[in-house]
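Novice: Have a look at this prediction, sequence included:
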Amino acid sequence: MKIKGKHILIAGGITLLGASLWGGRRAFQIKEVAQQLQIQLRGIASLPQFFGSRIKTSVNIALINPTDTPFNLQSGGLVRLKQIHIYNKEGKLAAVATPNIEGIEIPAFGEVVLKKIPVESNIQGLLNTILLGSTNPTDYRVESQIEVLGQTFNI
């Protein structure tokens, strides 16, 4: 049998259809996992530096995947950690980070620790934290925005 142009086009069309169905299913799985991700403050990674009324330091943050599906989509910034807010135990904003980290991979039932994430606070945020006297990372609530395939999730 002689292979003709139309056979190549049909084979190419079937391949594209299969790839798009697989990609769509994978994107749905990634979005489902993103909705269940958890984030925790693991500790301060550097001493604070003062810049006028602003304070800069860095922290270690853990992203936790409690699902049985790995969270990994490496291509072209399709998954990006955009923003992190750290609140003290009274619920007041203590620090903000805008890391813009791409290529996040978290195994199923696993975690990844992002080290030395630069954060910034103002003097008032630092004073509130000092007055509360808490240095235990578990006393802080961490929220973040993660962008997956153009959709933003708050975790």
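Specialist: Looks like it arrived, so ask away. Numbering: from 1, shown residues only.

Novice: C-alpha only now, for contacts and for neighbours.
Specialist: Noted.

Novice: Where does pLDDT dip in this protein?
Specialist: When residues are selected by pLDDT under 70, those of the chain lie in 1-28, 73-77, 125-135.

Novice: give me that answer again for 50
Specialist: 7, 16-24, 75-76 (pLDDT under 50).

Novice: which element is residue 33 on?
Specialist: helix 5-34 (DSSP states H and E).

Novice: Do me a favour and get the end-to-end distance for stretch 82-100?
Specialist: Across stretch 82-100, the terminal residues are separated by 5 Å (CA to CA, to the nearest Å).

Novice: Show me which residues of that stretch are buried.
Specialist: Within stretch 82-100, the residues that qualify as buried are 82-89, 93-98, counting by 16 or more other CA atoms under 10 Å.

Novice: Just checking the distance from that stretch to the centre of its chain.
Specialist: Offset of stretch 82-100 from its chain centre (CA atoms, centre = their mean, to the nearest Å): 13 Å.

Novice: ditto for stretch 81-91
Specialist: Distance, centroid of stretch 81-91 to centroid of chain: 13 Å (CA atoms, centre = their mean).

Novice: farthest pair in the buried residues of stretch 82-100?
Specialist: The most widely separated members of the buried residues of stretch 82-100 are 82 and 89, with 23.2 Å between them, by CA to CA.

Novice: Could you measure from residue 122 over to residue 86?
Specialist: From residue 122 over to residue 86 (counting by CA to CA), the distance is 13 Å.

Novice: Mind listing the shared neighbours of the two?
Specialist: residue 95 (CA atoms under 8 Å, 6 or more residues apart in numbering).

Novice: How about residue 154: which residues does it bridge to?
Specialist: residue 145 (DSSP bridges).

Novice: Check residue 58 too.
Specialist: Residues in beta-bridge contact with residue 58 (DSSP bridges): residue 118.

Novice: could you pull out the strands for the protein?
Specialist: Taking DSSP state E to define them, one finds strands in the chain at 38-44, 49-51, 54-64, 71-72, 79-87, 93-97, 101-102, 105-106, 111-122, 141-148, 151-154.

Novice: Is it possible to get a markdown table of those strands that adds distance to residue 30?
Specialist: Output for the strands of the chain, formatted as a markdown table (distance: least, CA to CA, whole Å):
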| stretch | distance to residue 30 |
| --- | --- |
| strand 38-44 | 14 |
| strand 49-51 | 37 |
| strand 54-64 | 14 |
| strand 71-72 | 6 |
| strand 79-87 | 9 |
| strand 93-97 | 24 |
| strand 101-102 | 14 |
| strand 105-106 | 11 |
| strand 111-122 | 15 |
| strand 141-148 | 8 |
| strand 151-154 | 11 |
